[in-house]
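[1] following is a predicted model, sequence given first.
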Amino acid sequence: MASKGDHQHLLNVGREGFAALDEFFGPRRVPPPPPPPPRCQGLQRQRQFPAPHVQNRRVSPPKEAVLNCLEAAEIYGGAVFIDYRKRKPAPIRKVYH
């Protein structure tokens, strides 16, 4: 345990350090407290909001067929590039200690 003299010395060092910080940076700016909530005079009605309107609709499937990439390229005059290369598996790195 620190003696009473050591404790007092630490308190003085802390005060001097924070005083130096306040002198250099300026005093700490504390934001003003928020204004108090308005006081209600008597009973007030709370505003009533209508319940949200929810529509339950079934989604029908699309009437036209969906195009794949080959059909789209044929219809719109595009090109399809297919990569048939076999990819090499990533090398397994083993670490021996």
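    Sure, I can see it. Numbering: from 1, shown residues only.
[2] switch to C-alpha atoms for all contacts and neighbour counts from now on
    Noted.
[3] just want the most central residue of the chain.
    residue 31 (25.4 Å; Cα atoms, centre = their mean).
[4] which SSE is that residue in?
    Using DSSP states H and E, residue 31 maps to neither a helix nor a strand.
[5] and if you look at residue 82?
    Counting by DSSP H and E, residue 82 is part of no helix or strand.
[6] repeat for the one 5 residues further on
    Under the criterion DSSP H and E, no helix or strand holds residue 87.
[7] residues near it, how many?
    Here the number of neighbours of residue 87 (other Cα atoms under 10 Å) works out to 7.
[8] how about residue 21?
    When neighbours are defined as other Cα under 10 Å, residue 21 has 13 of them.
[9] for this protein, which helix is longest?
    Ordering each helix of the chain by length in residues (DSSP state H) puts helix 4-25 first.
[10] any idea of the mean pLDDT in that helix?
    Averaged over helix 4-25, pLDDT sits at 87.
[11] buried stuff in the helix or strand following that helix?
    Following helix 4-25 in sequence order, the next helix or strand is helix 69-76 (DSSP H and E). Across helix 69-76, burial judged by 16 or more other Cα atoms under 10 Å covers no residue at all.
[12] C-alpha coordinates for helix 69-76, CSV please?
    Coordinates of each C-alpha in helix 69-76 appear next as CSV, following Å, rounded to 0.1, in the frame of the first residue of the first chain:
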residue,chain,number,x,y,z
CYS,A,69,-27.5,-16.9,-72.0
LEU,A,70,-27.4,-18.9,-75.2
GLU,A,71,-30.9,-17.9,-76.3
ALA,A,72,-30.3,-14.3,-75.4
ALA,A,73,-27.1,-14.2,-77.4
GLU,A,74,-28.9,-15.7,-80.4
ILE,A,75,-31.9,-13.3,-80.2
TYR,A,76,-29.9,-10.1,-79.6
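[13] that helix - what's its average pLDDT?
    On average, helix 69-76 scores 88.
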